[in-house]
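S.K.: Give the three-dimensional model of this entry:
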Amino acid sequence: MSFDNVESAEEFYKSYARAIGFDVRIGQQKLDDNGLKDDVPVDPSKKKVKHTRETRCGCEAYIYVKRNSEGKYQISALYEDHNHDLVTPSKLHLLRSNRFVSEKTKTTLFNCNKASIGTSQAYKLHHVGAGGFEYVGCTKKDLQNYYSDFRNKIKDADAQMFIDQFGRLRELDPGFFFEYEVNNDGRLVRMFWADTTSRKNYAHFGDVVSFDSTYSTNQYDMKFTPFTGVNHHMQSIFFGAGFLADEKIESYVWLFETFLRAVGRKAPGLIIIDEDASMRAAIASILPNTAHRLCMWHIMKKLPEKIGPHLLEDEEFLKRVNSCVWGSETIEEFESQWIAIISDYHLENNEWLQGRYRIRESWIPAYFKNIWLAGILRTTSRSESANSFFNRFIGRKLAFVEFWLRFDTALQCQRQEELIHDNTTLHTNPTLFTTWEIEKHGGFVFTHEVFKKFQEEVLAAREHCDVQTTTELEDRTIVTMTDNYMRVREVICFTTDQAYKCSCMLFESIGIPCRHIIRMFRSAKVNELPVYYITKRWMKTCKRDNAYDNEGNLLVEKATSSVDASMRRKMSNAHNKFEDIFRMAKTSPEGMDTLIEKLDSLSLLFQPNTRTRQEEQENFIGCTIPDDVQVHPPNDIRSKGKCKRILGHADKNKRSKYTGPRKCTTCKNVGHDRRNCPNKGS
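M.R.: Below is the predicted model:
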């Protein structure tokens with residue numbers, strides 16, 4: 001038997017080994033006079049590696065091939081006896097020489113990683129699609145090793161590839177904005193980006209911004225710093241993001257200045273941040289006319305560790321604190337409740353509470369009820385919500401290029417959700433609960449999510465608002481009324497322009513007419529909302545206006561995929577057609593035989609895939625792996641303010657079952673654990 005080349009001889013012997021049940025390896029390679037090699041596959045296959053089980057057993061089975069004068073390779077020696085048991089048929093797929101990562105497996109792996117599905121889960125998914133582990137072609141460890149090889153390949157060029165990727169995106173879409181800085185060693189220390197859609201979103205909804213720098217997403221411990229807001233469906237929306245190597249004032253100054261350039265130097269009216277002093281100093285410098293408030297969520301999260309353990313078990317104390325902080329509608333109400341709590345629980349010497357009281361104007365809602373808050377955005381819980389969303393896609397300890405692939409998928413999912421809500425709002429009508437024309441008009445102008453809140457006010461106006469007194473003055477009428485919160489509200493009607501102002505200030509902070517004003521509309525037989533009370537950002541049509549950059553250029557979204565839309569459509573159609581045919585064919589053995597026969601003939605029309613492993617990896621990340629690296633990844637990064645893991649749905653379920661602070665397992669008291677228990681050893 002002769003072969004055209006060594007590879008054919010090797011494949012022949014491997015096929016024989018697979019059928020019999022043993023593994024093979026290339027044993028010796030010798031050069032002849034013409035510089036060509038002869039190969040000797042022998043059994044078994046694996047070398048001894050530290051921390052792995054030995055598989056060599058001294059088996060002498062082999063095949064020896066030698067090239068003849070005609071250039072063919074012939075079997076010159078064959079030894080078939082084995083000194084070990086052969087593998088049973090159910091384990092043949094585990095033989096090393098039988099295992100390889102196929103093109104389909106690689107595609108599944110890469111697609112899953114883009115969707116933030118890990119390698120282990122990708123392997124499980126592929127095994128289900130293949131019909132069993134024996135048909136996957138490799139083990140989970142093989143797949144993990146393949147992906148690990150990819151990560152090792154890019155580690156030194158990671159930052160350079162990240163920058164190159166953004167450069168490619170800007171070539172495809174001139175509206176894509178990014179800037180970065182490196183230190184003296186050429187290592188990336190600052191980065192910011194915002195694509196065209198993000199910049200357009202800011203033009204429509206950038207009046208209020210939430211900024212958070214406590215989110216870690218990468219293996220370099222650089223801080224991921226997203227700018228988020230609220231769209232017309234009251235959903236989180238992305239405006240731009242950055243990476244910072246440290247949290248110094250100059251880093252935040254650079255970031256905010258770069259953000260302003262990206263959004264046409266249009267500063268937000270309000271920005272919600274945490275208590276970071278460097279961040280506050282940078283905002284005061286770069287955004288002097290922007291109101292900035294602190295995150296109530298972050299502050300209240302620290303309360304349990306700042307008070308005595310005995311108060312953590314006092315439900316009445318916690319109830320009063322929450323009512324004071326979250327429920328106070330006026331400054332006087334907050335002040336009286338706060339002073340009473342401090343006095344009743346003897347907290348006059350608590351320095352942390354004293355410090356929070358000194359900065360109360362920055363985080364207690366009662367002090368800024370007249371500030372536009374764009375709906376529910378009064379804390380960085382909006383950022384927490386956005387980060388929780390991105391966390392499902394991003395994870396931690398990623399290389400930059402891995403982060404970008406997952407982040408891009410997350411952003412597409414977020415925007416798809418907005419598109420779904422747009423379609424629902426424009427092409428369906430909400431259910432009306434009253435016969436009031438003003439409710440019907442609200443359903444016509446507002447998005448469904450905003451209309452639900454407006455509808456709640458309409459129902460409350462009908463069911464709970466009772467006029468108590470009416471006072472006529474020269475230029476205004478003052479009406480007092482009660483509502484279901486048992487509070488007396490004062491509504492002022494200005495006679496000249498028929499405008500209303502309510503003491504609850506819901507419209508001033510959220511942009512939705514309150515129940516008290518709606519009650520006045522009803523009394524005045526106003527059947528449609530006056531233009532003044534229709535906040536543009538909550539309208540169905542709010543995004544129809546064009547958006548421009550600071551140079552006056554129209555921001556137009558362009559496709560940034562390496563595959564054009566026409567080709568993507570064809571690929572999708574071909575895939576769907578094959579799936580349909582496969583589902584029909586698998587109902588019978590004859591159908592599958594016919595399908596395989598047709599596919600074999602069809603495969604002759606196309607050239608086999610001969611890409612190298614590096615070409616496969618570059619196709620996955622969408623850019624080349626450079627040899628010349630100018631921008632290097634950060635190293636030895638240490639940044640402060642690293643937050644705890646963001647809570648997910650499962651954590652909230654656990655929290656709902658939480659009955660009190662954690663107790664010491666030794667003495668069953670709170671405020672310490674068994675490591676520092678005062679009764680330890682007694």
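S.K.: how near is residue 133 to residue 87?
M.R.: Distance of residue 133 to residue 87, given as Cβ to Cβ, to the nearest Å: 15 Å. Where C-beta positions appear, they are placed from N, C-alpha and C, glycine not excepted.
S.K.: repeat for residue 132
M.R.: With distances taken as Cβ to Cβ, residue 132 is found 17 Å from residue 87.
S.K.: And for residue 91, the neighbour number?
M.R.: Here the number of neighbours of residue 91 (other Cβ atoms under 10 Å) works out to 12.
S.K.: Without its sequence neighbours, what residue ends up closest to it?
M.R.: Nearest residue to residue 91 in three dimensions, chain neighbours excluded: residue 21, at 8.0 Å (Cβ to Cβ, 6 or more residues apart in numbering).
S.K.: Now do the same contact list for that neighbour.
M.R.: Residues in contact with residue 21, defined by Cβ atoms under 8 Å, 6 or more residues apart in numbering, are 86-89, 91-92, 95.
S.K.: Mark which of these are buried, thanks.
M.R.: The neighbour-count test (16 or more other Cβ atoms under 10 Å) applied to the contacts of residue 21 identifies 87, 92, 95 as buried.
S.K.: Out of those residues, the closest to residue 119 would be?
M.R.: Set against residue 119, the nearest of the buried ones among the contacts of residue 21 by Cβ to Cβ is residue 95 (21.9 Å).
S.K.: is it true that the closest one touches residue 23?
M.R.: Yes - shown here, residue 95 and residue 23 form a contact pair, counting by Cβ atoms under 8 Å, at 4.7 Å.
S.K.: how many other residues sit next to residue 482?
M.R.: Residue 482 - counted by other Cβ under 10 Å - has 15 other residues nearby.
S.K.: Tell me if residue 421 really is in a helix.
M.R.: Yes - checked against DSSP: H, G, I helix; E, B strand; the rest coil, residue 421 lies within a helix.
S.K.: for the residue nearest to residue 139 when sequence neighbours are not counted, what are its contacts?
M.R.: Nearest non-adjacent residue to residue 139, counting by Cβ to Cβ, 6+ apart: residue 99, 6.4 Å away. Going by Cβ under 8 Å, 6+ apart, residue 99 touches 93, 137-139, 142.
S.K.: For the residues you listed, pick the one with the most neighbours.
M.R.: residue 138 (21 neighbours).
S.K.: Assign it to helix, strand or coil.
M.R.: Under three-state DSSP, the three-state class of residue 138 is coil.
S.K.: One more: residue 469?
M.R.: Reduced to three states by three-state DSSP, residue 469 is strand.
S.K.: Just give me the neighbour total for it.
M.R.: Here the number of neighbours of residue 469 (other Cβ under 10 Å) works out to 10.
S.K.: beta partners of the residue nearest to it when sequence neighbours are not counted?
M.R.: Closest residue to residue 469 apart from its sequence neighbours, by Cβ to Cβ, 6+ apart: residue 480 at 4.8 Å. Beta-bridge partners recorded for residue 480 (DSSP bridges): residue 469, residue 490.
S.K.: and residue 471, what pLDDT?
M.R.: As predicted, residue 471 sits at a pLDDT of 92.
S.K.: and it, how far is that from residue 500?
M.R.: Separation of residue 471 from residue 500 (Cβ to Cβ): 15 Å.
S.K.: who's more crowded, these two?
M.R.: Taking other Cβ under 10 Å, residue 471 and residue 500 do not tie; residue 500 has more neighbours (25 against 11).
S.K.: doesn't residue 491 make contact with the more buried one?
M.R.: Yes - using Cβ under 8 Å, residue 500 is in contact with residue 491, at 5.8 Å.
S.K.: Mutual contacts of those two, please.
M.R.: Residues touching both residue 500 and residue 491 by Cβ under 8 Å, 6+ apart: 517, 520.
S.K.: just checking, residue 191 touches residue 245?
M.R.: No - using Cβ under 8 Å, residue 191 is not in contact with residue 245, being 9.3 Å away.
S.K.: who has more neighbours, the two?
M.R.: residue 191 (26 against 23).
S.K.: How about residue 117, nearest residue that isn't a chain neighbour?
M.R.: Residue 117 sits nearest to residue 125 (Cβ to Cβ, 6+ apart), 7.2 Å away.
S.K.: what about the one you found, is that helix, strand or coil?
M.R.: helix.
S.K.: and it, what is it in contact with?
M.R.: Going by Cβ under 8 Å, 6+ apart, the list of residues near residue 125 reads 108, 112, 117.
S.K.: Surely the last one forms part of a strand?
M.R.: Just to be clear, that refers to residue 117. No - going by three-state DSSP, the assignment for residue 117 is coil, not a strand.
S.K.: Number of residues surrounding it?
M.R.: Neighbours around residue 117, by other Cβ under 10 Å: 17.
S.K.: And for the first one?
M.R.: Applying the criterion other Cβ under 10 Å, we find 21 residues in the vicinity of residue 108.
S.K.: Kindly report the same for residue 258.
M.R.: 22.
S.K.: Which strand or helix spans it?
M.R.: Counting by DSSP states H and E, the element that carries residue 258 is helix 249-262.
S.K.: Distance from that helix to the middle of the chain?
M.R.: Remark: helix 249-262 is offset 23 Å from the chain centroid, using Cα atoms, centre = their mean, to the nearest Å.
S.K.: Which strands and helices lie in contact with the host helix or strand of residue 229?
M.R.: Secondary structure assignment for residue 229, by DSSP H and E: strand 223-230. For strand 223-230, the contact count by 3 or more Cβ pairs under 8 Å, 6 or more residues apart in numbering; DSSP states H and E identifies helix 196-205, strand 208-211, strand 215-216, strand 236-244, helix 381-394 as packing neighbours.
S.K.: what do you get if the cut-off is 7 Å, keeping everything else the same?
M.R.: Strand 223-230 sits against strand 208-211, strand 215-216, strand 236-244, helix 381-394, with contacts defined as 3 or more Cβ pairs under 7 Å, 6 or more residues apart in numbering; DSSP states H and E.
S.K.: buried ones in stretch 575-590?
M.R.: Result for stretch 575-590 [16+ other Cβ under 10 Å]: buried residues residue 585.
S.K.: re earlier: got the contacts of residue 125 as a markdown table, with distance to residue 360 and pLDDT columns?
M.R.: Shown next, in a markdown table, are those (distance: Cβ to Cβ, whole Å; pLDDT from 0 to 100):
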| residue | distance to residue 360 | pLDDT |
| --- | --- | --- |
| 108 | 55 | 88 |
| 112 | 48 | 89 |
| 117 | 45 | 87 |
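S.K.: where are the low-confidence patches of the chain?
M.R.: Applying pLDDT under 70 to the chain picks out residues 28-55, 214, 216, 375-396, 559-565, 609, 636-663, 668-676, 678-682.
S.K.: run the last query once more with 50
M.R.: Scanning the chain for pLDDT under 50 picks out the ranges 35-40, 42, 44-50, 376-380, 637-660.
S.K.: Give me the buried stretch members for stretch 342-353, please.
M.R.: Neighbour counts over stretch 342-353 (16+ other Cβ under 10 Å) mark 342, 345, 347, 350, 353 as buried.
S.K.: now the residues you listed as TSV including distance to residue 575?
M.R.: Shown next, in TSV, are these (distance: Cβ to Cβ, whole Å):
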residue	distance to residue 575
342	66
345	65
347	65
350	63
353	61
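S.K.: Much appreciated, bye for now.
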